[in-house]
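A.B. asks: can you look at this prediction? I've put the sequence above it.
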Amino acid sequence: MTEVRMENSCLMQAWRRHERELRAYLRGRLRDAQVTDDLLQDVFLKSLAHKSTFCSLDNARAWLFTVARNALADRLRMRKEQVELPGNLWPGTTNLPPWNPSPPVYRAHFPNWRKRTGRPLIAATSKA
């Protein structure tokens, strides 16, 4: 099995350079050291998944913080309490027919509609 050496890769250099700052950023928003460490590990794993393109990034710090911010938003969204609404919220609404949007409205439905020229539009009407 081939051993992967990453001591000198640009990913590891960037991680060592910004890990403390990332940890402080996440810790300030989560206020829980264990959750912060879990999220920091997720950010590191996501950066490992992009190892092949990481060295071509213009600003590794900005990329790491973007990934951290998105992971934080995902974590907070999952933590948010969600309540399922009951089916009978309002009486008599359980047996409603499926929603049917109204048909589109065309200018032909409004024969007096005028363009910018001031002339009335010619409406397609059927003569019976």
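C.D. replies: Received the coordinates, thanks.
A.B. asks: could you use CA atoms for every contact and neighbour count after this?
C.D. replies: Will do.
A.B. asks: who touches the helix or strand bottoming out on mean pLDDT in the chain?
C.D. replies: Here the helix or strand of the chain ranked lowest by mean pLDDT, DSSP states H and E is helix 51-54, holding a mean of 85. Helix 51-54 is contacted from outside by 10-11, 47, 60, using C-alpha atoms under 8 Å, 6 or more residues apart in numbering.
A.B. asks: what's the following helix or strand after it?
C.D. replies: Next in sequence after helix 51-54, counting helices and strands by DSSP states H and E, comes helix 60-79.
A.B. asks: please list the residues outside that next one that contact it.
C.D. replies: Taking C-alpha under 8 Å, 6+ apart as the rule, helix 60-79 contacts 14, 18, 22, 26, 39-40, 42-43, 46-47, 54, 57.
A.B. asks: burial check on residue 17, number of neighbours?
C.D. replies: By the criterion of other C-alpha atoms under 10 Å, residue 17 has 12 neighbours.
A.B. asks: ok, it to residue 79 distance?
C.D. replies: 30 Å (C-alpha to C-alpha, to the nearest Å).
A.B. asks: what about residue 43, how many neighbours?
C.D. replies: Burial of residue 43 is recorded as 22 neighbouring residues (other C-alpha under 10 Å).
A.B. asks: so what's it closest to, chain neighbours aside?
C.D. replies: Closest residue to residue 43 apart from its sequence neighbours, by C-alpha to C-alpha, 6 or more residues apart in numbering: residue 68 at 5.9 Å.
A.B. asks: for residue 46, same thing?
C.D. replies: Residue 46 sits nearest to residue 67 (C-alpha to C-alpha, 6+ apart), 7.8 Å away.
A.B. asks: local confidence estimate at that neighbour?
C.D. replies: Per-residue confidence (pLDDT) for residue 67: 94.
A.B. asks: what about it, how many residues nearby?
C.D. replies: 18.
A.B. asks: how far away is it from residue 84?
C.D. replies: Residue 67 is 30 Å from residue 84, by C-alpha to C-alpha.
A.B. asks: what do you get for residue 17?
C.D. replies: Distance of residue 17 to residue 84, computed by C-alpha to C-alpha: 44 Å.
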